[in-house]
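>>> Okay, sequence plus prediction incoming.
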Amino acid sequence: MSIPFIVSKPSGLVVQGLFRGLSHRSTATRFGIAIQRSRVARLTTPIVLRRSVSGSAVNVSVEGKTVGKGLVNDIRYFLNNEALSRYPSGSNSASPRRFKLPRLLGRNQQSASSLSSLSTPSSPTSVNALGKAVSRRTAQRRTFKAYLTLTKPHLTFLVVLTSMASYSLYPASSLITSSDITPSTTLSAITLLFLTVGTALCSASANTLNMLAEPHLDAQMTRTRNRPLVRGTIRPQNALLFAIFAGVSGVTCLLYGTNPTVAALGLSNIILYAGVYTPLKQRHVINTWVGAVVGAIPPLMGWAAAAGEFATTDSVYEVLSHPGGWLIAGLLYCWQFPHFNSLSHGIRHEYAAAGYKMLASINPAMNGRVAVRYSIACFPVCIGLSICGVTDWGFVVDSSLVNGWMTYEAIRFWRNVGEYGTGKRLFWASVWHLPGLLLLAMAHKKGLWQGVWRWVNGGGEEEEEEEEGYDYYEAPKGGNGGGDYGEGEGEVSLVAGTAR
Ligand SMILES: CC(C)=CCC/C(C)=C/CC/C(C)=C/COP(=O)(O)OP(=O)(O)O
């Protein structure tokens with residue numbers, strides 16, 4: 001059966017043709033190609049995509065000649081680039097191929113005018129030139145995308161989120177206990193910006209170094225075989241330069257915009273991930289525990305960045321002395337086991353074939369047990385956050401519900417050794433669990449709702465009207481009316497009050 005198709009890219013380029021050998025519309029859609037039947041009337045030279053025996057690999061032939069074979073992405077690239085220049089309109093073609101002037105170029109006056117002559121599809125030269133112009137743009141986009149892929153953008157996004165969440169949970173105002181502390185009692189948006197950018201760059205560097213170390217292993221796994229260093233989209237030397245640039249600028253960003261402890265944590269984490277965890281993956285199952293430490297450090301960085309704003313010195317002890325940061329790091333540490341163990345269960349055979357030492361393939365029963373243990377460990381960690389004053393007591397209830405759900409899925413995963421879909425269920429539970437828990441922690445941040453209430457009731461205005469502020473928070477009568485205040489306490493309350 002033949003299916004007419006139109007391949008369209010965001011650039012606006014359209015190539016029309018025929019699918020042959022594809023049995024139905026959904027197959028073509030799976031290949032990421034939009035079929036627009038309304039355009040079928042203007043059919044052109046058939047470019048034939050044949051499904052080969054091996055999964056999603058397809059053959060491409062133009063005008064009866066096989067010109068390529070590969071994965072869908074390669075084919076799409078081919079169609080949008082090579083096919084244009086190699087097979088210009090008019091070459092042996094019974095009916096001319098139609099092209100549209102790229103939409104983006106059309107919006108740009110200069111490019112549009114320089115290419116306007118190319119809009120006549122009948123000239124082979126014009127089609128060639130158009131093909132080249134589009135190729136250039138596509139090549140730039142592909143290069144950008146390849147570098148972005150080196151950073152493992154989804155992972156980096158998650159890493160940055162955990163460090164931002166931890167930053168925002170820092171109990172800024174409640175820690176103002178001395179009138180000697182003069183800095184602003186609100187967390188600084190500029191520090192947060194430096195933390196975010198610095199952490200993202202450090203993570204990009206670590207991930208690039210990780211990909212540089214194992215392209216031969218990545219090539220053996222479905223999940224990773226399309227990475228730029230496996231496909232050769234980026235040369236290793238360039239990837240190394242990119243990693244160095246990202247690492248140096250990331251650490252500098254953290255040093256300049258936060259404090260030395262955060263910068264040191266960022267640098268150590270790059271070394272831990274690329275230098276210890278990555279080679280350990282092929283040597284010992286302990287790698288997962290090391291990887292969990294790597295994932296736990298970004299929230300510690302976020303906490304240390306916030307703490308540094310209120311610290312009187314740059315000492316590591318001062319920025320990392322509050323247990324809150326360690327608890328959030330602990331949460332990330334524990335979370336990674338149900339998350340990674342369930343993920344790795346689904347691809348354990350690939351891990352084994354590639355030579356990775358993963359618990360999922362070496363000891364599936366223990367893989368399940370470990371997932372259960374660390375899911376349970378999330379309970380006390382969350383309760384600890386309320387005990388040490390980071391979150392209110394409502395978080396104990398809410399977090400226990402979320403942790404209960406993940407633990408339930410982990411127990412099912414363990415009892416069924418990952419079979420009957422329990423691996424997938426635990427994986428998805430873990431995917432929702434972490435952002436859910438972090439959002440809940442933020443919503444339960446201690447003092448947050450009292451602050452909002454005061455703000456809604458115009459507390460801020462009153463505060464501005466007060467010149468001295470000593471009278472604003474009614475001084476505790478008998479020294480203990482509204483809390484355990486000491487000398488100079490009125491002034492302290494004023495400072496803290498401004499923060500809320
Ligand atoms: C600030 C800073 C430097 C942060 C780094 C954060 C970071 C890179 C966390 C990764 C955690 C981890 C163990 C991922 C799995 O890697 P993998 O090698 O098993 O993944 P893969 O199989 O996809 O390559």
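Everything's here; your move. Numbering: from 1, shown residues only.
>>> Can you give me the separation between the closest residue to Leu272 other than its chain neighbours and Leu332?
Take Leu272 and drop its neighbours on the chain: the residue closest to it by CB to CB, 6 or more residues apart in numbering is Val294, 5.4 Å away. Yep, even glycine has a C-beta here, placed from its N, CA and C like the rest. Between Val294 and Leu332 the computed distance is 10 Å (CB to CB, to the nearest Å).
>>> mind listing what the closest residue to Val276 other than its chain neighbours touches?
Nearest residue to Val276, sequence neighbours excluded (CB to CB, 6+ apart): Val290, at 5.8 Å. Listed by CB atoms under 8 Å, 6 or more residues apart in numbering, the contact set of Val290 reads Leu272, Val276, Tyr277, Leu280.
>>> Tell me the residue of the protein that sits nearest the ligand?
The ligand sits closest to Gly291 of the chain, with a gap of 2.9 Å, by CB to the nearest ligand atom.
>>> Doesn't that residue belong to a strand?
No - Gly291 sits outside any strand when classified using DSSP: H, G, I helix; E, B strand; the rest coil, being helix.
>>> Tell me the spacing between it and Phe340.
Using CB to CB, one obtains 7 Å as the distance from Gly291 to Phe340.
>>> Equivalent analysis for Phe242, please.
Plainly put, Phe242 is 26 Å away from Phe340 if you go by CB to CB.
>>> repeat for Met211
Distance from Met211 to Phe340, counting by CB to CB: 18 Å.
>>> And Glu214, by the same measure?
Distance of Glu214 to Phe340, given as CB to CB: 17 Å.
>>> cool, Thr278 as well?
Distance of Thr278 to Phe340, given as CB to CB: 15 Å.
>>> ok, Trp326 touching Leu300?
Yes - with contact defined as CB atoms under 8 Å, Trp326 counts as touching Leu300 (7.2 Å).
>>> Between these two, which has more neighbouring residues?
Of the pair Trp326 and Leu300, Leu300 is the one with more neighbours under other CB atoms under 10 Å, namely 24 against 19.
>>> Can you classify the more buried one by secondary structure?
helix.
>>> Now it: closest residue in space, sequence neighbours ignored.
Ala329 (4.3 Å).
>>> In contact with that neighbour, which residues?
By CB under 8 Å, 6+ apart, the residues touching Ala329 are Ser166, Ala296, Ile297, Pro299, Leu300, Trp303.
>>> same deal with Ile270?
By CB under 8 Å, 6+ apart, the contact set of Ile270 is Cys202, Ser205, Ala206, Leu209, Gly247.
>>> mind giving me the domain ranges of the chain?
Following automatic domain parsing, the chain resolves into domains at 9-134, 144-448, 465-499.
>>> Now do the residue nearest to Leu272: how many residues are near it, please.
23.
>>> Pull the contacting residues for it.
Neighbouring residues of Val294 by CB under 8 Å, 6+ apart: Ala206, Asn269, Leu272, Tyr273, Tyr277.
>>> out of these, who's nearest Gln450?
Nearest to Gln450 among the contacts of Val294 is Asn269, at 35.7 Å by CB to CB.
>>> Can you get me a residue count around the residue nearest to that closest one when sequence neighbours are not counted?
With sequence-adjacent residues excluded and distances taken as CB to CB, 6+ apart, Asn269 is closest to Ile297, at 4.5 Å. By other CB under 10 Å, 24 other residues sit near Ile297.
>>> interface residues of the chain facing the ligand?
Residues of the chain lying near the ligand by CB under 6 Å from any ligand atom: 155, 159, 199, 202-203, 206-207, 210, 224, 266, 269-270, 273, 277, 291, 294-295, 298.
>>> Generate a ChimeraX selection restricted to the buried subset of these.
Buried subset of those, written as a ChimeraX selection, criterion 16 or more other CB atoms under 10 Å:
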select :159,199,202,203,206,207,210,224,266,269,270,273,277,291,294,295,298
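>>> what ranges of the stretch 1-150 of the chain fall below the confidence cut-off?
Residue ranges of the stretch 1-150 of the chain with pLDDT under 70: 1-134.
>>> Repeat the analysis, applying 90 as the threshold.
1-142 (pLDDT under 90).
>>> How about the stretch 151-300 of the chain?
Scanning the stretch 151-300 of the chain for pLDDT under 90 picks out 172-188, 231-232.
>>> For it, which segments count as helices?
Assigned by DSSP state H, counting those that start in this stretch, the helices in the stretch 151-300 of the chain fall at 153-169, 189-213, 215-218, 228-231, 236-257, 260-271, 278-280, 287-310.
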